[in-house]
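Chemist: One predicted model, sequence on top.
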Amino acid sequence: MARKNKSLQLRVIDDSDLEPASVMRLDNYETEQRRARELKAAEESSADGDKVELRTHQPDIDLLIETESAKLDVLEQDWGESAIRRQPIPWGWFVLIALAIAGAVLWSLARVERAEIEAIRIRTETASAIVGEEREQREAVELIDHINRSIREFFGATSVAQLVHLVRHPERVAPLMDRYYADKPVDHGHFESIRKLEPATLDNRGNFWMANVALDNGKVHSLILEIGKSGEARVDWETFVCYQPMPWDAFVRQRPSGVSLDFRVYLENDNFYNYEFANDEQWVCFRLTALGGEEAVFGYAKAESDVANALLRQLESHGAERVSLLLRLTIPEGLQSRNGVVIEKLLSPRWLYLDPPDSSS
């Protein structure tokens with residue numbers, strides 16, 4: 001049977017009126033395996049706390065650019081932090097600074113402490129000095145009083161008995177005073193005033209004083225005083241009268257032989273050699289004079305002897321000028337030299353005995 005030819009017509013269909021047909025997706029084995037793997041990976045990522053987004057399509061290029069920029073920023077920050085962490089922290093400098101600060105503090109405290117100690121020391125020394133000065137002033141006043149009283153009593157004495165209590169070495173000097181005043185009165189003039197008073201250091205001894213005393217007759221007399229341990233002032237009578245065993249000019253003229261006498265003389269270098277003293281290799285020559293005397297003699301000491309060496313040292317210490325010495329002289333019996341004497345001993349390098357001489361010497 002033949003078909004009837006029917007014309008084809010287009011019919012508009014409104015899709016909104018159509019309900020979507022249900023579609024059943026058929027999965028094969030490979031699809032199920034892939035889906036299982038994706039689910040497993042998602043579970044593991046969720047367990048690690050990471051947010052995983054499963055995409056079924058590729059992201060746009062702008063998302064990729066944004067993502068890369070974010071990653072670059074993070075990398076730069078991480079690089080800077082790691083670089084800072086890799087630079088070692090300079091703990092040594094902190095220690096050094098701390099030590100310097102501690103040292104400065106200790107130094108300041110030490111200076112403050114030293115300053116306080118120094119201030120205390122200065123105050124103590126000042127107080128001691130004031131007390132010491134006051135004590136020294138009192139002692140000086142007392143000393144001047146002792147000296148003034150002794151000088152007044154010395155010039156006011158009219159007998160040896162009165163003098164003997166006012167002079168140095170009274171036991172030794174008393175017989176000399178008896179001999180000296182045997183033919184003259186004890187009268188030294190009347191005291192008027194002390195013109196000058198000053199300490200005198202003799203062989204490192206600071207207990208001697210020198211005084212210039214004005215008398216009522218217009219004369220000025222010099223004397224030496226020694227201050228004793230108890231503070232009393234004693235006059236050196238031997239130097240005051242320049243005591244000699246006999247008048248110097250009488251000794252030179254009379255030339256007593258065979259005796260040894262102690263004289264206060266001036267000594268100088270000389271070169272007069274004659275008679276027994278003609279050999280200048282055996283003798284050393286000196287010229288001797290005395291206070292108030294007109295005569296001179298030549299004293300000789302054995303060359304290279306202790307006496308000669310001591311006399312030469314005394315001259316050298318005084319610039320080769322004359323020196324005041326206390327010498328023991330003798331004129332040997334039968335001596336032909338008419339103006340020569342032998343110097344036996346140097347008794348004192350001055351006219352004063354610091355200590356009483358040994359009676360056996």
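Modeler: Received it, and whenever you're ready, just let me know what you need.
Chemist: For the chain, just list every one of the helices.
Modeler: Applying DSSP state H to the chain gives helices spanning 29-47, 61-86, 91-156, 160-163, 170-180, 237-241, 248-254, 306-317.
Chemist: between those, which gets the lowest average pLDDT?
Modeler: Looking at the helices of the chain, the lowest mean pLDDT belongs to helix 61-86 (a mean of 42).
Chemist: Give me the buried positions along stretch 336-348.
Modeler: Ser337, Gly340, Val341, Val342, Ile343, Glu344, Lys345, Leu346, Leu347, Ser348 (16 or more other Cβ atoms under 10 Å). C-betas here are computed from N, CA, C, even on glycine.
Chemist: Okay, and the beta partners of the fourth one?
Modeler: In this structure, Val342 bridges to Tyr300, Thr330 when assessed by DSSP bridges.
Chemist: List the contacts of it.
Modeler: By Cβ atoms under 8 Å, 6 or more residues apart in numbering, the contact set of Val342 is Gly299, Tyr300, Ala301, Leu329, Thr330, Ile331, Pro332.
Chemist: May I ask which of these has the most neighbours?
Modeler: Gly299 (25 neighbours; other Cβ atoms under 10 Å).
Chemist: From Ser337, how far out is it?
Modeler: 11 Å (Cβ to Cβ, to the nearest Å).
Chemist: now do Leu225
Modeler: Counting by Cβ to Cβ, the gap from Leu225 to Ser337 is 41 Å.
Chemist: And for Thr201?
Modeler: For Thr201 relative to Ser337 (Cβ to Cβ), the value is 40 Å.
Chemist: Likewise for Val297?
Modeler: Counting by Cβ to Cβ, the gap from Val297 to Ser337 is 10 Å.
Chemist: and what of Ile101?
Modeler: Ile101 is 93 Å from Ser337, by Cβ to Cβ.
Chemist: With Asn148 instead?
Modeler: Asn148 is 50 Å from Ser337, by Cβ to Cβ.
Chemist: Could you do Met246 as well?
Modeler: Where Ser337 is concerned, Met246 sits at a distance of 20 Å (Cβ to Cβ).
Chemist: likewise Glu344?
Modeler: Taking Cβ to Cβ, one finds Glu344 at 16 Å from Ser337.
Chemist: what's the answer for Trp248, then?
Modeler: From Trp248 to Ser337 the distance is 18 Å (Cβ to Cβ).
Chemist: Same question for Val173.
Modeler: 34 Å.
Chemist: Over to Ser230?
Modeler: 50 Å.
Chemist: okay, now the domains of this structure?
Modeler: 90-241, 248-348 (automatic domain parsing).
Chemist: tell me the most buried of these?
Modeler: domain 248-348 (a mean of 16; mean count of other Cβ atoms under 10 Å).
Chemist: How far does that domain stretch from one end to the other?
Modeler: 18 Å (Cα to Cα, to the nearest Å).
Chemist: One more: stretch 336-345?
Modeler: Span of stretch 336-345 from end to end, Cα to Cα: 22 Å.
Chemist: Show the contacting residues for Leu267.
Modeler: Leu267 touches Phe286, Arg287, Leu288, Gly299, Leu311, Gln314, Leu315, Arg322, Val323, Ser324, Leu325, Leu327, counting by Cβ under 8 Å, 6+ apart.
Chemist: hmm, I was thinking of Asn271
Modeler: Asp280, Cys285.
Chemist: sorry, back to before: take the domains of the chain and write them to CSV, including distance to Arg37.
Modeler: Listed next are the domains of the chain as CSV, based on distance: least, Cβ to Cβ, whole Å:
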stretch, distance to Arg37
domain 90-241, 53
domain 248-348, 127
